[in-house]
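Peer 1: Next come a sequence and a model predicted from it.
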Amino acid sequence: MSGVSTATVEDLTEATAPKRFWNRQRRLGAGLVVIGLIAAVIFGSVADSATARFTLSEDAEGAALSINGQFGAILFGIVTIAAGAALLAGVAKRWQTTLLTLGIVTFVFSFLCWQVAGKFLPLVDTASGSLELALPLILGALAGVLCERSGVVNVAIEGQFLMGAFGAALVGTLATSVWAGLISAVVGGVIIASLLAVLAIRFLVDQVVVGIVLNLLALGVTGFLYERLMQPDAMKYNSPPRLPEWRIPGLADIPVVGPVLFETNLLVWLALALVVVIHLALTRTRWGLRTRAVGEHPTAADTVGIRVRGLRYMNVLLGGVVAGAGGAYFTLVSTGAFNKNMTAGAGFIALAALIFGRWTPFGALGAALFFGFAQKLANYLSAVGSPVPNQFLNMLPYLATIIAVAGLVGRVRAPAADGVPYVKS
Amino acid sequence: MANDHIDITVEPGEVHALLGENGAGKSTLMNQLYGLLQPDEGEILVDGEPKVFRSPRDAIAAGIGMVHQHFMLVPVFTVAENIALGAEEVRGGPLGWLDRRRSRRDVLETSKRYGLPVDPDALVENLPVGSQQRVEIVKALTRDVDLLILDEPTAVLTPQETDELLAVMRSLAETGKSIVFITHKLREVKAIADRITVIRRGRTVATASPDTSTDELAALMVGRDVSLEVTKTPSDPGREVLKVSGLIVDDDRGTRAVDRVDLVVRSGEVLGIAGVQGNGQTELVEAIMGLRESRAGLIELEDKNLAGRTTKQVLRAGVGYVPEDRSLDGVVKDFTVAENLVLDIYDQAPFGNGFKLNPGPIADSARERVSQFDIRTSSPQSTVGTLSGGNQQKVVVAREMSRPLKLLIAAQPTRGVDVGSIEFIHNQIIHERDVGTAVLVVSSELDEVLGLADRIAVMYRGRILAIVSPDTPREEIGLLMAGVVTREAEDTE
């Protein structure tokens, strides 16, 4: 309760003023100023006054961007404060995103200057590592986009990953073909997706509950088969070929960008292409228009002759294809063998990326890359023996999602009929 | 059974009114015609040929269009997207590449041809209900319908908008289209219909011509003679019971819903609030009841400030509340009638002590209320969900009027209630007034406000535009409901 008990004429005129002072932009600006202060004061004071080198090559030698660690930490912190101050001062709305991005990026750099002072950070390796760690998250979040934009909540991404990873390892080994493995991964994802579809769409079971149950099912089934089948005879059942890295001549020679984007495996290109394809399909095609209609207002879609359940089935299964392919990453790209519960919650981080990315393909891509970077950074920090516990960085996806869902970073609005089964009245 | 062997014939170029009470089976009938429901028996003939509609797709193909009571528009889509949906213009491709320019042009063309202005690029969620309804009509017309069904289309319109809609219906009929107009409002039926089919309890009871008298139509609809007029003596207003001043309330989206409202309700009078749905009435009532935070202003009940109190405190201060959405806020459907009757005082003697309930007194009191308020239920121990809408509402009214009241707030007291129960509830409200309670009635049915109120406050976009006497001509109040302030109306208070 605002608890306004007396009202004078002045109170009224103020209360009727259409805008509040602490609008979203000012709240964001204040947040940036605070973290900028933390960066400039705390990072700046604890950073060594030694050179921080961001190298283009794998080792400490070669071309690099260098900066004094302490100076850098303070400098970037001040830029963060400036970006926040600009938002606080009330700049035009079109600058909001740019300034917000600038503020966050400079904060990250301030942090890096502190951590890297006296050491080096290989830029290319960090970028390609982030992209690789983001790969399953991109595919998982895209699977979520397909399901949830048509109104079916997909908490089972984790289970789809596991089945995909398992199928890829088993069939890939038996057939000694990485392509057979990839196809089986897709099949594995579709199996879980079809269970989700039938239970959620046909039998109207609570979709979150179904998702959790399916995750446990996938964990149980793959764990059991792993222990009984794969572990006793790993050579025969659990040594799939790896997905080959391809190099596009010419493009791969572009510095930094080349080795990251054009010297990599098929799955990365597939994921990036899918982001564009799903985005265009959702916004520009009949299928997309109908999918969004079914996710927002299924009764309206039904009354203009759209088959609501049919479309939902199709989209959930398509999501299974994409998430299954994401599962292949774990066995065909990352480790080269299946292991019990090897996805370790990646499906949930993908779900977080979906929400953080506001249920859009490009948003999901951005969120996945951000989470991938956080994870890569955590690995780097533990490797160089940083005083910052890497668990802190591993928390980042969840923290970011809580912030996003709490509505601090823009309005997060799920499709209106997300998770609501369609029953004809 | 919602429909029991109904026969209805609609001729080309006629406006055919389907008249019946809430729950008579009008919508069920039309949903079968539109393929949303399948009939168990009987057939549908279009131009003399039998047709089977498995889904709306089949109905649309047969030239049938429907404007639903709750609009079937996707709020986050543009007008053009909503109209195109299901019949998209595409340029090929496996997923169907949308041809937006053509969709947009089609919308403008139809809009111009029938004189129904719509902006193809506007987002539907930003449009007022009147425009949303136009979008629905254009949507049906772009699909080349021969028969257009309008389900309770005037429920959300001001009297002027209603007149406009009736004119549109007439001009559509003149182009040879048939129109089925579902309604329970006799005035509109008489104004527009070429023929009237009256439905009661799922059966056709009569086919009437528009010169049938209003009383006769009402009797056909209800099955017995009813008095549509509320009989009451002149009011005898006493002291000020509720005083609201400078009240400002925001809605869920943070936009201003109630904007500097001042009003006074005296003991022994009914203040009616008229206005089209969604002009801040809901938020005003919720703020008074402590269900919604107010941003500024005073709410005084006999000099005690209510702003900032919890709903329980407000109720205990002597306020009775009939909420506008019965099933959401009025009753707990899975609870019994007896339990619902003590929802407000279950923790007070003799019904309980806050720790345990006393089933004996609860059952005794329930039996008494059931007979006193004429609640038609097989037993006080039946769940409320098994009762008809009218009887559920009587449960709410019985509960709220069983406490000693200083103020009664009744929001949409007869929405979805059969005519027999409407009469009863109206009489109860007048009775409460006559024993000296201050009564605030909010209704989007202008006739209800005119019948009950001793003074009428017209609400538009969160403001009270004027307070007028119930003798004011309908047209004038209608203009106020549309935000048009005439000089006389301003002077009235």
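Peer 2: Now that the structure is in, tell me what you want to look at.

Peer 1: CA only for contacts and neighbour counts going forward, please
Peer 2: Will do.

Peer 1: quick one: least confident helix or strand in chain A?
Peer 2: helix A:9-16 (a mean of 37; mean pLDDT, DSSP states H and E).

Peer 1: where exactly do the strands run in chain A?
Peer 2: Under the criterion DSSP state E, chain A contains strands at A:51-55, A:64-68, A:120-122, A:245-247, A:263-265.

Peer 1: Ok, which of the ones you listed comes nearest B:Arg100?
Peer 2: strand A:263-265 (37.3 Å; CA to CA).

Peer 1: Give me the pLDDT value at the residue nearest the centre of chain A.
Peer 2: Nearest residue to the geometric centre of chain A (CA atoms, centre = their mean): A:Ala368, 2.3 Å. Looking at A:Ala368, its pLDDT stands at 94.

Peer 1: sorry, back to before: any chance of the strands of chain A in CSV, plus distance to chain B and mean neighbour count?
Peer 2: Converted to CSV, these look like this (distance: least, CA to the nearest CA, whole Å; neighbours: other CA atoms under 10 Å in any protein chain shown):
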stretch, distance to chain B, mean neighbour count
strand A:51-55, 45, 22
strand A:64-68, 46, 17
strand A:120-122, 43, 22
strand A:245-247, 30, 14
strand A:263-265, 27, 18
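
Peer 1: Let me have those strands in TSV, extended by mean pLDDT.
Peer 2: Listed next are the strands of chain A as TSV, based on pLDDT from 0 to 100:
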stretch	mean pLDDT
strand A:51-55	86
strand A:64-68	84
strand A:120-122	87
strand A:245-247	88
strand A:263-265	87
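
Peer 1: any chance of those strands in TSV, with distance to B:Asp344 too?
Peer 2: Listed next are the strands of chain A as TSV, based on distance: least, CA to CA, whole Å:
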stretch	distance to B:Asp344
strand A:51-55	69
strand A:64-68	70
strand A:120-122	67
strand A:245-247	71
strand A:263-265	67
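
Peer 1: what helix or strand does B:Gly65 sit in?
Peer 2: In the assignment (DSSP states H and E), B:Gly65 maps to strand B:64-67.

Peer 1: Which strands and helices lie in contact with that strand?
Peer 2: Packing contacts for strand B:64-67, counted by 3 or more CA pairs under 8 Å, 6 or more residues apart in numbering or on different chains; DSSP states H and E, involve helix B:129-141, strand B:147-151.

Peer 1: Now do the last one: which elements does it pack against?
Peer 2: Right, the one you point to is strand B:147-151. Using 3+ CA pairs under 8 Å, 6+ apart: strand B:147-151 touches strand B:64-67, strand B:178-183.

Peer 1: Each with direction, which strands does the first one pair with?
Peer 2: Each strand that strand B:64-67 pairs with, and the sense of that pairing, follows from DSSP bridges: strand B:147-151 (parallel).

Peer 1: send the alpha carbons of the strand it pairs with over as PDB?
Peer 2: Taking C-alpha atoms only, strand B:147-151 is exported to PDB below (Å, rounded to 0.1, in the frame of the first residue of the first chain):
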ATOM      1  CA  LEU B 147     -23.800 -15.400 -43.300                       C
ATOM      2  CA  LEU B 148     -22.300 -13.400 -40.500                       C
ATOM      3  CA  ILE B 149     -23.000 -14.400 -36.900                       C
ATOM      4  CA  LEU B 150     -22.600 -11.700 -34.200                       C
ATOM      5  CA  ASP B 151     -22.500 -13.100 -30.700                       C
END
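
Peer 1: for the record, mean pLDDT for it?
Peer 2: 93.

Peer 1: likewise stretch B:4-22?
Peer 2: On average, stretch B:4-22 scores 88.

Peer 1: chain center to it, what's the gap?
Peer 2: Averaging C-alpha positions (CA atoms, centre = their mean, to the nearest Å) puts stretch B:4-22 22 Å from its chain's average.

Peer 1: hmm, who's touching it?
Peer 2: B:26, B:42, B:146, B:169-170, B:172-186, B:189, B:192-200, B:202-204, B:221-222, B:416-419 (CA atoms under 8 Å, 6 or more residues apart in numbering or on different chains).

Peer 1: In PyMOL, select just the buried ones from those residues.
Peer 2: Buried members of the contacts of stretch B:4-22, defined by 16 or more other CA atoms under 10 Å in any protein chain shown, are picked up in PyMOL with:
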select buried, chain B and resi 26+146+169+170+172+173+177+178+179+180+181+182+183+184+185+186+189+192+193+194+195+196+197+198+199+200+202+203+204+221+222+416+417+418+419
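
Peer 1: Tell me which of the contacts of stretch B:4-22 fall in strands.
Peer 2: Filtering the contacts of stretch B:4-22 for strands - DSSP E - leaves B:178-183, B:195-200, B:203-204.

Peer 1: okay, those in a markdown table with distance to chain A and pLDDT next?
Peer 2: A markdown table is the format used below for those (distance: CA to the nearest CA, whole Å; pLDDT from 0 to 100):
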| residue | distance to chain A | pLDDT |
| --- | --- | --- |
| B:Ser178 | 20 | 94 |
| B:Ile179 | 18 | 95 |
| B:Val180 | 17 | 94 |
| B:Phe181 | 18 | 93 |
| B:Ile182 | 18 | 91 |
| B:Thr183 | 20 | 86 |
| B:Arg195 | 27 | 93 |
| B:Ile196 | 26 | 94 |
| B:Thr197 | 25 | 93 |
| B:Val198 | 24 | 92 |
| B:Ile199 | 21 | 90 |
| B:Arg200 | 21 | 86 |
| B:Arg203 | 21 | 88 |
| B:Thr204 | 23 | 89 |
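
Peer 1: tell me which of these is nearest to B:Gly354?
Peer 2: Looking across the ones in strands among the contacts of stretch B:4-22 and measuring by CA to CA, the closest to B:Gly354 is B:Arg200, at 45.5 Å.

Peer 1: What separation do you get for the closest one and B:Asn31?
Peer 2: Distance of B:Arg200 to B:Asn31, computed by CA to CA, to the nearest Å: 17 Å.

Peer 1: ok, is the longest helix anywhere in chain A in contact with chain B or not?
Peer 2: Determined from DSSP state H, the single longest helix within chain A is helix A:123-149. No - remark: helix A:123-149 sits outside contact range of chain B, by CA under 8 Å from any CA of the partner chain, the gap being at least 12.7 Å.

Peer 1: Averaged pLDDT, that helix. What do you get?
Peer 2: Along helix A:123-149, the predicted local confidence has a mean pLDDT of 94.

Peer 1: And stretch B:469-476, by the same measure?
Peer 2: 90.

Peer 1: Kindly report the same for stretch B:105-124.
Peer 2: 93.

Peer 1: ok, back up a step: specify the angle between the longest helix of chain A and strand A:64-68 in degrees.
Peer 2: Orientation of helix A:123-149 against strand A:64-68 (axes from the mean of the first three to the mean of the last three CA atoms, to 10 degrees) gives an angle of 100 degrees.

Peer 1: packing partners for helix A:123-149?
Peer 2: strand A:51-55, helix A:157-175, helix A:257-261, helix A:266-284, helix A:286-296, helix A:308-328, helix A:346-356, helix A:361-384.

Peer 1: Can you tell me how far the closest residue to A:Phe262 other than its chain neighbours is from chain B?
Peer 2: Among residues not flanking A:Phe262 along the chain, A:Ala252 sits closest, at 4.9 Å (CA to CA, 6 or more residues apart in numbering or on different chains). In this view, A:Ala252 and chain B are 33 Å apart by CA to the nearest CA, to the nearest Å.

Peer 1: my guess is A:Ala252 contacts A:Glu263, does it?
Peer 2: Yes - A:Ala252 lies in contact with A:Glu263 (CA atoms under 8 Å); the separation is 5.9 Å.

Peer 1: which parts of the stretch 151-300 of chain A sit against chain B?
Peer 2: Residues of the stretch 151-300 of chain A lying near chain B (CA under 8 Å from any CA): A:281, A:284-290, A:293, A:296-297, A:299-300.
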